[in-house]
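**Student:** build me a model:
(one chain, ligands or ions: 1)
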Amino acid sequence: MNRVGGPLAGDPDRVALRAWSEGDAGWYAHCAQDPEIQRFTSDPSDLTAEQVRDAIKKLTDLPERDAYLICGLGPGGERLGNLAVDYHGRTAEISYWVSPAARGRGVAAAAIQLLIDTLTAGGRVDWLSLWTHVDNVASRRVAEQCGFARIATADQIRTVKGAQWPTVQYRRSVPGCSSPTAPEPDAGEARVQ
Ligand SMILES: CC(C)(COP(=O)(O)OP(=O)(O)OC[C@H]1O[C@@H](n2cnc3c(N)ncnc32)[C@H](O)[C@@H]1OP(=O)(O)O)[C@@H](O)C(=O)NCCC(=O)NCCS
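**Tutor:** Coordinates of the predicted model:
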């Protein structure tokens, strides 16, 4: 378990972030079949548990990427979703999904707030960014709830799963940010999960 959250601003739910383990692979692959995850993330529709297991094993060799299982604090810490971080210099680009069963109770915002607290304490980054499909109203609302602001000049068409996606980008600084000049919007690769 990376960290246990205290009460989170604006949301009564309490979540934790823990490292993915190989035993979570089947659950991830099952969730990835959800139509909304297919519609709005880069996870392929034919993703298998074995592929996820391989990706989880490789995570330890990727210093520029962290990925967390969002889980509950109750007995067993039920699995709720995925929150990933890709580091680009002093910017952390985040991506996420919440399982269909856990939606509608602010899980993504609670997890992102917890991550912001962790990154603030760690001092590794000054900025967080994310991008999303322009039609992804829920994700854009989550970004706003977590203090992200849209970068008006950063709209772009990205190729995701062979399709052209109109996307928008958001960013926010980390509390106590030591680099008040925001980095240039990231052209980034097509990772939205
Ligand atoms: C985006 C996602 C992570 C949000 O999950 P969540 O934490 O359960 O979010 P909630 O359902 O609590 O909703 C968050 C906010 O969005 C709003 N919202 C949710 N669905 C919405 C919709 N279809 N239209 C408009 N607003 C919506 C909620 O009302 C809430 O705002 P409020 O607190 O002001 O009422 C989840 O919907 C998901 O996993 N979607 C598929 C994958 C995805 O899009 N990932 C992000 C890629 S960038």
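
**Student:** how many residues are close by the closest residue to V134 other than its chain neighbours?
**Tutor:** Nearest residue to V134, sequence neighbours excluded (Cβ to Cβ, 6 or more residues apart in numbering): P166, at 4.5 Å. No exception for glycine: its C-beta is placed from N, CA and C like everyone else's. Neighbours of P166 under the rule other Cβ atoms under 10 Å: 11.

**Student:** could you say which helix or strand holds P166?
**Tutor:** Assigned by DSSP states H and E, P166 belongs to strand 163-173.

**Student:** can you tell me if that strand touches the ligand.
**Tutor:** No. With Cβ under 6 Å from any ligand atom as the criterion, the ligand is not reached by strand 163-173; the gap is at least 8.8 Å.

**Student:** show me which residues of that strand are buried.
**Tutor:** If you call a residue buried by 16 or more other Cβ atoms under 10 Å, then strand 163-173 has these buried ones: W165, T167, V168, Q169, Y170, R171, R172, S173.

**Student:** is A29 in contact with P44, as I believe?
**Tutor:** No. Applying Cβ atoms under 8 Å, one finds A29 not in contact with P44, separated by 10.3 Å.

**Student:** neighbour count winner among the two?
**Tutor:** A count of neighbours by other Cβ under 10 Å puts A29 above the other of A29 and P44, at 18 against 11.
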